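Student: The amino acid sequence is not available; the structure is as follows:
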């Protein structure tokens, strides 16, 4: 199964993200189900390791749920071509701490360490090769550079299963755990792998 660990922005923040989704004609804009802040991409694992990961993630705790804001936009790409448009999330330090805790849980489950530097963001669009080389992504970045939001909480750590399909990925919540003492559980404390 193909897994990743993420945080889900609340509905008002997802509405702000939907307002960004225009101006790049060939972009594949994310739908509501796809809007999340990835803490760790796990990839393909067998069921026993997925179960070990779920147990380890259940021990990730914070004194309080992370409080963050949307902060600017950016892109990922290579060779002068943009392939991803995203909204930034700040402050990075609180998310870096949570990322480190998740990384330790992944190590406990026997996963190799993540080699990429962690950069907190919410992907809003993916671009085909032909679209990423034109002027539209740069115009989009300039138009939304001042993106900001009111502070919001990310109260749950979520283990997702990704199902790849021709029209894009579909995500299924495998397990959800409250973060912080003030968080209330929505859904299962356990897991269904």
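Tutor: Right, received. Where do you want to start? Because the structure is a prediction, the values reported are computed rather than measured.

Student: Show me the contact partners of the top helix by length along the chain.
Tutor: If you go by DSSP state H, the chain has its longest helix at helix 92-108. With C-beta atoms under 8 Å, 6 or more residues apart in numbering as the contact definition, helix 92-108 has outside contacts at 5, 7, 37, 39-40, 42, 52-53, 56-57, 59-60, 62, 66-68, 89, 113-114, 118-120, 157, 179. Yep, even glycine has a C-beta here, placed from its N, CA and C like the rest.

Student: out of those residues, which are inside helices?
Tutor: Taking DSSP H, the ones among those that sit in helices are 52, 53, 56, 57.

Student: filter those to the buried ones?
Tutor: Among the ones in helices among the contacts of helix 92-108, those buried by neighbour count (16 or more other C-beta atoms under 10 Å) are 52, 53, 56, 57.

Student: ok, how many other residues are close to residue 34?
Tutor: 17 (other C-beta atoms under 10 Å).

Student: Which residue is the nearest non-sequential neighbour of it?
Tutor: residue 171 (6.6 Å; C-beta to C-beta, 6 or more residues apart in numbering).

Student: Quickly list what the one you found is bridged to.
Tutor: residue 162 (DSSP bridges).

Student: sorry, back to before: for the ones in helices among the contacts of helix 92-108, could you give me a markdown table that also reports pLDDT and distance to residue 137?
Tutor: As requested, the ones in helices among the contacts of helix 92-108 are exported to a markdown table (pLDDT from 0 to 100; distance: C-beta to C-beta, whole Å):
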| residue | pLDDT | distance to residue 137 |
| --- | --- | --- |
| 52 | 96 | 40 |
| 53 | 96 | 35 |
| 56 | 96 | 38 |
| 57 | 96 | 35 |
